[in-house]
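Novice: the following block contains a protein sequence and its predicted model.
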Amino acid sequence: MPSVFDVLGRDHLEVKRMMDDLETGPTTAAGADVSQLVLRKELVDKLIIEVSRHEAVEEMYFWPAVRRYLPGGEAMAEKAVAQEQDAKKTLDLLDRLGAGVPEFEELLARFIVAAREHIAFEEGIVWPGLAQVLSAQQGAGLGQQLEEAKATAPTRPHPGVPASPGLLKGAGPLAAAADKVRDIISGRGSP
């Protein structure tokens, strides 16, 4: 059974890979054509889906565990959740724009910088401390909760929804269902 760090680490690797692709991919300023911009927007849509699921399950299970088990965890969780709320606002704006709009690249660049900072904070500050205080069984149990929750997590950012674990556990599956219907209708996130 994968540990919490394995589950989150896989997510982080996927997000970093997508961000790397977006940083090196064609942009309007670099002369991208319409088909390249369509592919760019599709990759951003996939990034938004992945980050939205990831942040939702972290807010439901991971940050409450950090608060509960890690000395100083309350402050760490508050900092991380604030970063995640900012990311949701940026992703929500990005979700509404086409890749040919100048603001698109500005928002994407801002998101990538903030996301890299957030991932570094989690992996470099939070994870080592939490790894010291969680048993292998607790880490595996938390990893399983995260994996199961991703199946019913929202696929879009919801910046107006407070990062309350109880609220997210109750409303998250409903928001996810609505998101998935919108995704199907729009074709968003399809391979």
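Specialist: Here it is on my side, so go on.
Novice: ok, the spatially most central residue of the chain to G124 distance?
Specialist: The structure's the chain has its C-alpha centroid closest to V51; by C-alpha atoms, centre = their mean the separation is 2.0 Å. Distance of V51 to G124, computed by C-beta to C-beta, to the nearest Å: 19 Å. Heads up, the C-betas are built off the backbone N, CA and C, glycines and all.
Novice: by mean pLDDT, point me to the weakest helix or strand of the chain.
Specialist: In the chain, the helix or strand scored least confidently by mean pLDDT, DSSP states H and E is helix 165-186, which has a mean of 52.
Novice: specify the local secondary structure of the closest residue in space to D92 that isn't next to it in sequence.
Specialist: Closest residue in space to D92, ignoring its immediate chain neighbours: P157 at 4.6 Å, by C-beta to C-beta, 6 or more residues apart in numbering. Of the three states, P157 takes coil under DSSP: H, G, I helix; E, B strand; the rest coil.
Novice: go on, A99?
Specialist: coil.
Novice: ok, it - how many residues close by?
Specialist: Residues contacting A99 under the criterion other C-beta atoms under 10 Å number 24.
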